[in-house]
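In: What follows is a predicted protein model with its sequence.
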Amino acid sequence: MGRKVLIVGGVAGGATAAARLRRLDEEARIIMFEKGDYISFANCGLPYYIGDVIRDKDVLTLQTPESFSRRYNVDVRIKSEVTGINRRDRMVTVRDLASGKTYDESYDVLILSPGAEPVVPPIEGARLDAVFTLRTIPDTFRIKEYIQRNRPRRAAVVGAGYIGMEMAENLHNLGLDVSVIELTDHVIQPLDPDMAAEVHHHIMSMGVSLHLGKAVAAIRPSGDGYELALSSGESLPADMVILAVGVRPESRLASEAGLETGNRGCIVTNNRMQTSDPNIYAVGDAVEVMDFVTGEKVFVPLASPANKQGRIAADNICGIDSTYSGAQGTAILKAFDMTVAVTGSNERTLKGLGIDYEKSYTYSPSHADYYPGADYMTIKLLFDRKTGVILGAQIVGRQGVDKRIDVLATAIRAGMKVQDLAELELAYAPPFGSAKDPVNIAGYVASNIQNGSMRVFHWHDVSRIDPASSILLDVRTKKEFERGTLKDAINIPLDSLRDRIDELDRNKPVYVFCQVGQRGYIASRILMQNGFSQVCNLSGGYRLYRMVSSPPSLREAGAAGSTDH
């Protein structure tokens, strides 16, 4: 008889570990405990089943206990809750939830994959029948059944993270009036506020009500529905409420067993996924991981890291030297008709750690813009000011965002610099990309900033510019200028700049801008080579400035910008 391995919890981490263990060791005795009924399910697909995008509930179950047991020869015990760990005797205590009986099970090696649980804020009404969290298949069925039985007209989503945004979209698609309430000043916290601004405009253009910088103080029955009392003093009506304010690691079992815990109560492991007890491994959402970019300890409850950790734990149990090098937080989200993607660090993280960084913004078509159907995407790069090493990236757009974020995630993992992005040879044909891919363009622009051939100022610097001692120069066309510009700006269109350059005072700093940055760059190069020593170009252009500084409104027209060629 081979080694006996117990696994607490299935889904991404636990199920992956079990499958990998069996592929490496046919003799091992593997027992998996799951307190629910499902050991492997498509967690990320749950909102789309509620929204009728996925109609067959059976496809959400990737493996049943029976099919998993047959394929991998694993003793799968559902409705079995592990309630304690005896590390000295290498035993766990298990409660059979069907019979209520308790028994002990010995182990040679134990793998903990308990996952994370939704946070339920301690407010009045958080446990009402019409208030839901979404984490498991039973949660999904409860929400779906409530909608089918009660036919709600109004829904409130509390929290604007990934689950909150996906639920807002899917409830909206079912015809409900949706309000989203978010405590911070922007949706999707891994995004920086300037990139989230475009998402705000899009969400509200779809008819969703967005309430930022507000907390829910209470949920109370009112008439035939409910009222949400907000911290601002407002009151919102709803027929159902989704709480999506985040998750916390389910680390109680580990903590009570005396295993080391760290950030936010996460289980601490080494890079081989061993806990402070070498006979116990931990993987998935309950585990503290290292931020690949900054080296800090972080909580990253995502499926991709959990799958990798499960495999690494199994490798090490079977004698294969395998290590986890950290998480980047690479993620992508469908927000109505918009795609939002992130990888690496954001500005908040870099500022908090005192890292000297710079940023660039580019606005590029998903494929050759002369080929029908091109959509534009905004790419924000964060990079080390001195070395040019890429620290993070964020993209907001529609089609083509997915493959660009994956290229940038790979570049970060490889330790590449912004100059390397300019040299990447990426696939090109008019229906799929451009000869200068959006990733190449982002690399060109960031390289120009990093090597000093283009000095930039950012949207948040505009208010600090003194028009009495500086020149704000709008190089867009006269028609664009007349539709709106920066306060105190003068207009000299780019194509007239060489002829009218003597109208400008060479002794004053010149702050140039156009719609998205390209014409401003050309203008800045003209000025710098004609005796102007202090020239800066507005990164992201007037389009980004307006996006950030103009509050969105319901049913607004789209927030599209000029292609700026």
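Out: Structure received.

In: Would you give the sheet partners of the helix or strand encompassing Ser179, along with the direction of each?
Out: Using DSSP states H and E, Ser179 maps to strand 177-182. Next to strand 177-182 in the sheet, as set by DSSP bridges, lie strand 154-158 (parallel), strand 209-212 (parallel).

In: pLDDT of the first one, averaged?
Out: When pLDDT is averaged over strand 154-158, the result is 97.

In: So that it lines up with my notes, have the first residue be 19 from now on.
Out: From this message on, residue numbering opens at 19, which makes the last subject strand 172-176.

In: How far off centre is that strand?
Out: Strand 172-176 sits 21 Å away from the centroid of its parent chain (Cα atoms, centre = their mean, to the nearest Å).

In: and Val77, what pLDDT?
Out: We have a pLDDT of 79 for Val77.

In: Repeat that for the one 4 residues further on.
Out: On pLDDT, Gln81 comes in at 74.

In: so what's it bridging to?
Out: Counting by DSSP bridges, Gln81 forms beta bridges with Ser58.

In: pretty sure it is touching Ala36, no?
Out: No: with contacts counted by Cβ atoms under 8 Å, Gln81 stays clear of Ala36, the gap being 10.1 Å. All C-beta spots, glycine's among them, are computed from the backbone N, C-alpha and C.

In: More neighbours: which of these two?
Out: More crowded of Gln81 and Ala36, by other Cβ atoms under 10 Å: Ala36, with 29 against 19.

In: Let me see the backbone angles for the more buried one.
Out: With angles defined as degrees, to the nearest 10, Ala36 sits at phi -60, psi -50.

In: That one and Tyr90 touch, don't they?
Out: Yes: Ala36 lies in contact with Tyr90 (Cβ under 8 Å); the separation is 6.1 Å.

In: Report the set of residues contacting both of the two.
Out: Ile48 (Cβ atoms under 8 Å, 6 or more residues apart in numbering).

In: thought Ile199 was touching Ser227?
Out: No: Ile199 is beyond contact range of Ser227, at 9.0 Å (criterion: Cβ under 8 Å).

In: anything in contact with each of the two?
Out: Leu254.

In: These two: who's more crowded?
Out: Shown here are Ile199 and Ser227; by other Cβ under 10 Å, Ile199 has more neighbours (26 against 16).

In: one step back: off-centre distance for the strand holding Ser197?
Out: The answer for strand 195-200 is 19 Å, by Cα atoms, centre = their mean.

In: now swap in stretch 63-82 and tell me
Out: 22 Å.

In: same thing with stretch 281-290?
Out: Centre-to-centre, stretch 281-290 and its host chain are 21 Å apart (Cα atoms, centre = their mean).

In: can you check stretch 347-356 too?
Out: 7 Å.

In: Any stretches of this protein with poor pLDDT?
Out: By pLDDT under 70, the low-scoring segments of the chain are 19, 58, 60, 80, 571-583.

In: Mind doing that once more with 80?
Out: Applying pLDDT under 80 to the chain flags the ranges 19, 29, 56-61, 75-81, 570-583.

In: Give the residue farthest from the middle of it.
Out: Most distant residue from the mean C-alpha position of the chain: Asp520, 48.2 Å away (Cα atoms, centre = their mean).

In: Kindly state the beta-bridge partners for the spatially most central residue of the chain.
Out: Geometric centre of the chain, nearest residue: Ala349, 4.5 Å, by Cα atoms, centre = their mean. When bridges are called by DSSP bridges, Ala349 pairs up with Val360.

In: how far away is it from Ile423?
Out: To Ile423, Ala349 is 9 Å away according to Cβ to Cβ, to the nearest Å.

In: Overlap in contacts, those two.
Out: With Cβ under 8 Å, 6+ apart, Ala349 and Ile423 have common neighbours Ala359, Val360, Thr361.

In: Now render the residues you listed as TSV, adding neighbour count and distance to Leu189.
Out: Converted to TSV, the shared contacts of Ala349 and Ile423 look like this (neighbours: other Cβ atoms under 10 Å; distance: Cβ to Cβ, whole Å):
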residue	neighbour count	distance to Leu189
Ala359	25	23
Val360	27	24
Thr361	26	28
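
In: nearest to Cys62, of the residues you listed?
Out: Ala359 (14.4 Å; Cβ to Cβ).

In: ok, for the closest one, nearest residue in space, not its chain neighbours?
Out: Counting by Cβ to Cβ, 6 or more residues apart in numbering, Ile423 is the residue found nearest to Ala359 once chain neighbours are left out, at 3.7 Å.

In: would you say Arg113 is within a strand?
Out: Yes: Arg113: assigned to a strand according to DSSP: H, G, I helix; E, B strand; the rest coil.

In: Contacts only, for it.
Out: Ser98, Glu99, Thr101, Lys119, Thr120.

In: if we go to 7 Å?
Out: Neighbour list for Arg113: Glu99, Thr101, Thr120 [criterion: Cβ atoms under 7 Å, 6 or more residues apart in numbering].

In: most neighbours, which of those residues?
Out: Most neighbours among the contacts of Arg113, by other Cβ under 10 Å: Glu99, with 17 neighbours.

In: what about that one, which helix or strand?
Out: Going by DSSP H and E, Glu99 is in strand 98-104.

In: What about the residue lying closest to Met565 once chain neighbours are set aside, how many residues nearby?
Out: Counting by Cβ to Cβ, 6+ apart, Ala215 is the residue found nearest to Met565 once chain neighbours are left out, at 4.8 Å. By the criterion of other Cβ under 10 Å, Ala215 has 24 neighbours.

In: Which elements pack onto the helix or strand Ala215 falls within?
Out: If you go by DSSP H and E, Ala215 is part of helix 211-223. On a contact count with 3 or more Cβ pairs under 7 Å, 6 or more residues apart in numbering; DSSP states H and E, helix 211-223 meets strand 227-230, strand 349-353, strand 356-362, strand 394-402, strand 408-415, helix 559-567.

In: please redo it, this time with the cut-off set to 6 Å
Out: Packing partners of helix 211-223 (3 or more Cβ pairs under 6 Å, 6 or more residues apart in numbering; DSSP states H and E): strand 408-415, helix 559-567.
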